[in-house]
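**Q** no FASTA, just this:
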């Protein structure tokens, strides 16, 4: 079992930055592809960013490409999402997810509880 706990969400003005963290316990994240997803009320959860389990490939939704960066610190067993140049449309609950040994996360085995990000205009 892997437990994922997100943190770092909050309220920020448009153009600002936040860094989300996803701390894992139970298993090492080295064996997992990781991803960040987000959801707003009444909408489907959508893909934001992903990191392959090998750690050598990253993937981003077009809407965040060039602004968000996913990374992993193996020593801390933590995955991050650095979010820059935030826009009001980035407002959502952000979820961390893990899937074992795949190139890109598609069907997560584990989800975090989510952290709220609100971007004011």
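**A** Thanks, I have it. Since this is a predicted model, take the numbers as computed values, not measurements.

**Q** how many neighbours does residue 32 have?
**A** 26 (other CB atoms under 10 Å). Bear in mind the C-beta positions are built from the backbone N, C-alpha and C, glycine included.

**Q** and it, how close does it get to residue 92?
**A** 23 Å (CB to CB, to the nearest Å).

**Q** got it, and residue 65?
**A** 17 Å.

**Q** show me which of these two is the more surrounded one.
**A** residue 92 (22 against 10).

**Q** skipping adjacent residues, who's closest to the more buried one in space?
**A** residue 38 (3.7 Å; CB to CB, 6 or more residues apart in numbering).

**Q** pLDDT score assigned to that neighbour?
**A** pLDDT for residue 38: 98.

**Q** burial of it, as a residue count?
**A** Neighbour tally, residue 38, other CB under 10 Å: 23.

**Q** so it is in which element?
**A** strand 32-39 (DSSP states H and E).

**Q** give me the sheet partners of that strand and which way each runs.
**A** strand 46-51 (antiparallel), strand 92-100 (antiparallel) (DSSP bridges).

**Q** what does the next helix-or-strand element following the last one rub up against?
**A** Spelled out, it's strand 92-100. Downstream of strand 92-100, the first helix or strand assigned by DSSP H and E is strand 110-111. Contacts with strand 110-111, where a contact means CB atoms under 8 Å, 6 or more residues apart in numbering, come from 1-4, 95-99.

**Q** now do 7 Å
**A** Residues outside strand 110-111 that contact it (CB atoms under 7 Å, 6 or more residues apart in numbering) are 2, 4, 95, 97-98.

**Q** which residue sits closest to residue 28 in space, ignoring its chain neighbours?
**A** Nearest to residue 28 is residue 77, by CB to CB, 6+ apart, at 6.2 Å.

**Q** list the contacts for that neighbour?
**A** Per CB under 7 Å, 6+ apart, neighbours of residue 77: 23-24, 28-29.

**Q** now do 8 Å
**A** So residue 77 contacts 23-25, 28-29 (CB under 8 Å, 6+ apart).
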